[in-house]
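Chemist: 3D, please:
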Amino acid sequence: MNDEEIIHRIGELADEERQLEESHAQAVEGLSAGERERMDQLQVTLDQLWDVLRQRRALRHAGRDPDEAVTRPPSTVEHYQQ
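Modeler: Here you go, the predicted model:
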């Protein structure tokens, strides 16, 4: 994926995440187990996409091929300091 495709995918997933949150913002019961699982998947995938995008930009800035960026495992991206 190139940068534009990554940014587009981030937008799609963020929209889905927002829809899930908004659909249950006023609900007493909250998210179902399946929805919570999907929310967790969305958050991990978004973190991975942001990480790849940052890698691509850093590689490009360093004069290297941005396609050298790799998708890191959830165990890596979920432990980054914000």
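Chemist: going forward, measure contacts and count neighbours with C-alpha atoms only.
Modeler: Fine.
Chemist: quick one: contacts for Asn2?
Modeler: Residues counted as contacts of Asn2 (C-alpha atoms under 8 Å, 6 or more residues apart in numbering) are Asp67.
Chemist: Please write out the alpha-carbon positions of stretch 40-52 in CSV.
Modeler: As requested, the backbone C-alpha atoms of stretch 40-52 are provided in CSV (Å, rounded to 0.1, in the frame of the first residue of the first chain):
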residue,chain,number,x,y,z
ASP,A,40,-10.4,-4.1,19.7
GLN,A,41,-9.5,-5.3,16.2
LEU,A,42,-10.1,-1.9,14.8
GLN,A,43,-7.8,-0.2,17.4
VAL,A,44,-5.0,-2.7,16.8
THR,A,45,-5.3,-2.3,13.0
LEU,A,46,-5.4,1.4,13.2
ASP,A,47,-2.3,1.4,15.4
GLN,A,48,-0.5,-0.8,12.9
LEU,A,49,-1.5,1.4,9.9
TRP,A,50,-0.3,4.6,11.7
ASP,A,51,2.9,2.8,12.5
VAL,A,52,3.5,1.8,8.9
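Chemist: buried ones in it?
Modeler: The neighbour-count check on stretch 40-52 (16 or more other C-alpha atoms under 10 Å) flags Leu42, Gln43, Val44, Thr45, Leu46, Asp47, Gln48, Leu49, Trp50, Asp51, Val52 as buried.
Chemist: show me where pLDDT drops low in the protein?
Modeler: Applying pLDDT under 70 to the chain flags the ranges 27-28, 81-82.
Chemist: Determine the longest helix present in it.
Modeler: helix 33-61 (DSSP state H).
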